[in-house]
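> this is the structure alone, sequence omitted:
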């Protein structure tokens, strides 16, 4: 029964991952905690499912040529380095990270409000054929922000990348989601290796979670592709707002 419920949690995680271009830890981490995974292992246990989920979820986006590979080239390496640095800094920040998490919740709520209210930006004329130097810099900076916060606070990089891809690079929402999904998969690789070497993964949970994520991710991306850009943007904004409330209330109660 526990394995079956883990698969269901993985399916829900995969649907959210494919639809919004995120890692899905908002669902998977508390789900496996509720099913008996220890707090010490929960974070590392969710990581092995992210890369397979990103691969299966991005397949439909690849067919629609929505993934901006040149943006991935700039964002992913910067994010990986920043994630490692953020993970190193995290235990050295005083206050157990509660104040930082409250600040992050406010930042996410601000992003959510802007995402819901904003009109889709006009795409630069050369966005599909080249990546200008200024865009390359902004893509790199996006990777640093997303990877750094991911390592520092355990947040999925996608909830940072999608709004920044929209605001800084002017990517349409579906391109931002598809590109973020690939980057999130890349971010998970060093974390998975590190936690595995340190014995920080419960592989039974990880296996069944991965099965569910691989099944759910294509459904998430299919659902996102069926939505209009405007509707997907608003739904993602509501998702960000929900994440902000969960993190904010939880950290305020902890304080």
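The structure has been received and is ready for your questions. Quick caveat, the model's predicted, so the values are computed rather than measured. Numbering: from 1, shown residues only.
> measure residue 207 to residue 3 for me?
Distance of residue 207 to residue 3, given as C-beta to C-beta, to the nearest Å: 9 Å. All C-beta atoms are positioned from the backbone trio N, CA, C, and that covers glycine.
> of those two, who's got more company?
Taking neighbours as other C-beta atoms under 10 Å, residue 207 and residue 3 compare with residue 207 leading, 16 against 13.
> the more buried one in helix, strand or coil?
What DSSP: H, G, I helix; E, B strand; the rest coil gives for residue 207 is helix.
> could you measure from it over to residue 54?
For residue 207, the distance to residue 54 equals 17 Å [C-beta to C-beta].
> over to residue 196?
The spacing between residue 196 and residue 54, counted by C-beta to C-beta, is 18 Å.
> next one: residue 221
As judged by C-beta to C-beta, residue 221 and residue 54 stand 10 Å apart.
> which one of these two is surrounded by more residues?
Using other C-beta under 10 Å as the criterion, residue 221 and residue 54 rank with residue 221 on top: 31 against 28.
> how many residues are close by residue 230?
Using other C-beta under 10 Å, residue 230 has 11 neighbouring residues.
> how far out from the middle of the chain is the helix or strand harbouring it?
Assignment of secondary structure by DSSP states H and E places residue 230 within helix 229-254. When C-alpha coordinates are averaged (C-alpha atoms, centre = their mean, to the nearest Å), helix 229-254 and its chain have centres 13 Å apart.
> show me what counts as buried in it.
Applying a neighbour-count criterion of 16 or more other C-beta atoms under 10 Å, the buried positions in helix 229-254 are 232-237, 239-241, 243-244, 247-248, 251.
> please apply the same query to stretch 13-31.
Taking 16+ other C-beta under 10 Å as the basis for neighbour counts, the residues of stretch 13-31 that come out buried are 13-29, 31.
> endpoint to endpoint, that stretch covers what distance?
With C-alpha to C-alpha, to the nearest Å as the measure, the first residue of stretch 13-31 is 10 Å from its last.
> and it, average pLDDT?
Averaged across stretch 13-31, pLDDT comes to 85.
> so residue 214 touches residue 14, yeah?
Yes: here residue 214 lies in contact with residue 14, judged by C-beta atoms under 8 Å, at a distance of 6.7 Å.
> shared neighbours, these two?
Taking C-beta atoms under 8 Å, 6 or more residues apart in numbering as the contact rule, residue 214 and residue 14 both touch 53, 56.
> next, the angle from the lowest-mean-pLDDT helix or strand in the chain to helix 229-254.
Among the helical and strand segments of the chain, the one scoring lowest on mean pLDDT, DSSP states H and E is helix 98-117, with a mean of 78. What separates the directions of helix 98-117 and helix 229-254 is an angle of 160 degrees, with axes from the mean of the first three to the mean of the last three C-alpha atoms, to 10 degrees.
> quick check: buried residues in helix 98-117?
Neighbour-count burial for helix 98-117, with 16+ other C-beta under 10 Å as criterion, is recorded at 98, 100-102, 104-105, 107-109, 111-112, 115.
> repeat that for stretch 4-14.
Residues of stretch 4-14 classed as buried by neighbour count (16+ other C-beta under 10 Å): 6-7, 9-14.
> TSV for the residues you listed, including secondary structure and distance to residue 150?
What follows is the buried residues of stretch 4-14, written out as TSV (DSSP: H, G, I helix; E, B strand; the rest coil; distance: C-beta to C-beta, whole Å):
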residue	secondary structure	distance to residue 150
6	helix	23
7	helix	25
9	helix	21
10	helix	20
11	helix	23
12	helix	21
13	helix	16
14	helix	19
